[in-house]
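Student: coords please:
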Amino acid sequence: MHKFLWVGLGVLGLLEIFAACQNNSGPNTGLPTCPTTIGIEGFAYKPSSCKIGVGQSVTILASATHPLRGLGTGNPIPATPTTATESYTFSTEGTYEYECATHGAQGMKGSITVVGP
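Tutor: Now for the predicted structure:
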């Protein structure tokens, strides 16, 4: 009886490992894959954090009410606010943060984690 229990637990462990390998959250991120366009809902970006692969692009909504600016050096999103919706290509692994230039202090921020192949 104990032998079958250990075999059963071993099979369950292997299934968990297989399921983890099938998860598309990327290495060490636990983040969802970015949609083609990151939208705005109220005073928040949706999704607020996500991941893409090196060389991929994503569009982030911006407007006169919600001007977008990138934070930090090496960020393909300009530090100068833009009120136009634009697409950005990320060529280097890392986490890139951005915010609404008007509402960043109120928490309207987001990040894109770029992962390698």
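
Student: next, Ile38: secondary structure please.
Tutor: Under the three-state scheme (DSSP: H, G, I helix; E, B strand; the rest coil), Ile38 adopts strand.

Student: just the pLDDT for the residue nearest to it when sequence neighbours are not counted.
Tutor: Once flanking residues are discounted, Ile38 sits nearest to Ile60: 4.7 Å by CB to CB, 6 or more residues apart in numbering. No exception for glycine: its C-beta is placed from N, CA and C like everyone else's. According to the predicted model, the pLDDT of Ile60 comes to 98.

Student: just list whatever residues bridge to Ile60.
Tutor: When bridges are taken as DSSP bridges, the partners of Ile60 come out as Ile38, Glu86.

Student: with Gly70 instead?
Tutor: Residues in beta-bridge contact with Gly70 (DSSP bridges): Tyr98.

Student: which strand residues bridge the one residue sitting closest to the centre of the chain?
Tutor: A centroid search over the chain (CA atoms, centre = their mean) returns Cys50, at 1.3 Å, as the residue closest to the centre. Cys50 has the following beta-bridge partners by DSSP bridges: Ile112.

Student: surely it meets Thr33?
Tutor: Yes - with contacts counted by CB atoms under 8 Å, Cys50 reaches Thr33, the gap being 6.4 Å.
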